[in-house]
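*Asks:* 3D model of this:
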Amino acid sequence: MTPAPILVLIVNYRTAALTIQAIESVLPEVRLRGDAHILVVDNGSADGSATLLAEAIARLNADDCCSLLALDDNRGFSAGNNAGLNHYRQAAAAHGDATWPDYVWLLNPDTVAEPGALGMLVDFLASHERAGLAGGRCLRPDGSVRHSAFRFHSPLNDFIAALDLGPLRRLLRRHDVVMPVVDHPCRSEWLSGSHMMIRGAVFDRIGQFDAGYFLYFEETDFCARAADAGFEAWHVPASRIVHLGGESTGLTEQRPPERRPRYWFASRARFMIRRHGRAMTHLANLLWICSWPIGTALAQLRQRPRPNPPHLWRDFICHNYGVGGVMYQRTPTVVRSTAS
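*Replies:* Below is the predicted model of the structure:
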């Protein structure tokens, strides 16, 4: 690959058709700018994805601004992105300058970028020196907004989310994980990794993604480490993508929710323990365990839909505190996709 000041990084796992669509959506802006390169990391899909992606790049005549890195195994989202970043640095070193890109745009494979989505994030970071991360608006295919700006998880907002009671959410809205949808740039605590740009200086200061996260909470952890290092995170709604959501994991909004995998619980515990300590994580778990059945019962009484994954309450207890539970691990982690 040819290093460029802006790196668009897409990690694919068995979603080649969607990834090609994502490439096609951002390719015109990349070509127009001339200062960006798309790197697709195939995360050991073992389903012919790498071949399909290579053929698509050739068909699009995009070899000059788009390249493929095929990994032998599925390393998860964090390690897949890290492999792409290391590949870029190796290419930069071969050109005599082993630096980070000026900007790295993480883009999910199941997204379609609207025109200007890349440039708006670049322009925002270029004009806001304290901002280390910027994420845009994520839309569903029907045009409705998917939340992409959040506050860090805590015992209090875990309780708010589990109970999911309207008056309580309004009363404690300043503590809710989900931030309000606004039409102007606003500070947030963490951003969705499906559409997030990172200043290269952030990697200089805090390093890469924590590969102990297989999937989920890795962007939350990264944003928390960046905040601790003095970088701001901003939501920039003018930069827009359409995000289908969860196509490589099965956790989508387009079909009935599937049972939440074990690595989700491990990732949550890893983040909560690092951020709040083990005692406060136990408290958060207790609040969630007690409030979830109450919230579910109230939703049923009000005949309000609550599309929860099957067996979520039982799985929460079993994966956290059952035999081999993640709360017994010194540093909770799941590194293989087969774990459930």
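
*Asks:* buried ones in stretch 72-91?
*Replies:* By neighbour count with 16 or more other CB atoms under 10 Å, stretch 72-91 contains the buried residues 74-85, 87-89, 91. (Each C-beta comes from the backbone N, C-alpha and C, glycine too.)

*Asks:* Which of these lies at the shortest distance from R302?
*Replies:* The closest of these to R302 turns out to be F77 (CB to CB; 36.1 Å).

*Asks:* So which residues of the stretch 151-300 of the chain form strands?
*Replies:* Listed in chain order, the strands found in the stretch 151-300 of the chain under DSSP state E, counting those that start in this stretch are 186-188, 190-191, 195-199, 232-243.

*Asks:* Quick one: list the elements packing against the shortest one.
*Replies:* Packed against strand 190-191, as judged by 3 or more CB pairs under 8 Å, 6 or more residues apart in numbering; DSSP states H and E, are the following elements: strand 131-139, strand 149-150, helix 218-228, strand 232-243.

*Asks:* Tell me which of those is the most buried.
*Replies:* strand 131-139 (a mean of 25; mean count of other CB atoms under 10 Å).

*Asks:* how many neighbours does H276 have?
*Replies:* By other CB atoms under 10 Å, 17 other residues sit near H276.

*Asks:* Quick check: the gap between it and A224.
*Replies:* 11 Å (CB to CB, to the nearest Å).

*Asks:* Could you tell me which residues within whichever strand or helix holds L118 count as buried?
*Replies:* Using DSSP states H and E, L118 maps to helix 117-127. Using 16+ other CB under 10 Å as the test for burial, helix 117-127 gives A117, L118, M120, L121, V122, F124, L125.

*Asks:* What helices and strands are in contact with that helix?
*Replies:* On a contact count with 3+ CB pairs under 8 Å, 6+ apart, helix 117-127 meets strand 6-12, helix 16-33, strand 103-107, strand 131-139, strand 195-199, strand 232-243.

*Asks:* The ones you listed into CSV, with extra columns for distance to P180 and mean pLDDT?
*Replies:* Converted to CSV, the helices and strands packed on helix 117-127 look like this (distance: least, CB to CB, whole Å; pLDDT from 0 to 100):
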stretch, distance to P180, mean pLDDT
strand 6-12, 29, 98
helix 16-33, 27, 97
strand 103-107, 23, 98
strand 131-139, 13, 97
strand 195-199, 18, 97
strand 232-243, 10, 97
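
*Asks:* Determine which of those approaches L52 most closely.
*Replies:* Judging the helices and strands packed on helix 117-127 by CB to CB, what sits closest to L52 is helix 16-33, at 4.2 Å.
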